[in-house]
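Visitor: Turn this into a structure:
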Amino acid sequence: MNYCLRPEVSAAVSNFVHYATPVEAAKKFINKEDLNNPGIYPSAEVMKRLEFQKDVGEATRIYDQIWTELKAA
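Guide: Residues are numbered from 1 along each chain as shown. So this is what the prediction gives:
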């Protein structure tokens with residue numbers, strides 16, 4: 001895990017898959033085209049409007065059960 005979190009390594013992975021990296025220090029190694037792509041790195045204004053999934057705690061078991069039933073149908 002520590003290896004993957006090295007800025008150069010994280011940037012190399014990000015450049016290959018074209019997904020954002022959470023490693024801030026890696027940004028100086030990211031392709032400029034990807035870094036300037038709002039689909040990969042949304043602006044601060046867009047980030048303020050996004051919704052993030054919250055931990056549902058013990059209900060996770062119920063979600064898993066229902067999802068398993070849906071996939072089996």
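
Visitor: Going by C-alpha atoms from here, please, whenever you check contacts or count neighbours.
Guide: Noted.

Visitor: How about the residue nearest the centre of the chain, nearest residue that isn't a chain neighbour?
Guide: Geometric centre of the chain, nearest residue: residue 20, 6.3 Å, by Cα atoms, centre = their mean. Among residues not flanking residue 20 along the chain, residue 40 sits closest, at 5.6 Å (Cα to Cα, 6 or more residues apart in numbering).

Visitor: so which strand or helix has the one you found?
Guide: Assigned by DSSP states H and E, residue 40 falls within no helix or strand.

Visitor: isn't it right up against residue 18?
Guide: Yes. With contact defined as Cα atoms under 8 Å, residue 40 reaches residue 18; the gap is 7.3 Å.

Visitor: Compare the two and say which one has the larger neighbour count.
Guide: Between residue 40 and residue 18, counted using other Cα atoms under 10 Å, the more crowded position is residue 18 (18 against 15).

Visitor: for that one, what are its contacts?
Guide: Going by Cα atoms under 8 Å, 6 or more residues apart in numbering, residue 18 touches 34, 40.

Visitor: Try it again at 6 Å.
Guide: By Cα atoms under 6 Å, 6 or more residues apart in numbering, the contact list for residue 18 is empty.

Visitor: Pull up the gap between it and residue 32, please.
Guide: Using Cα to Cα, to the nearest Å, we find residue 18 at a distance of 11 Å from residue 32.
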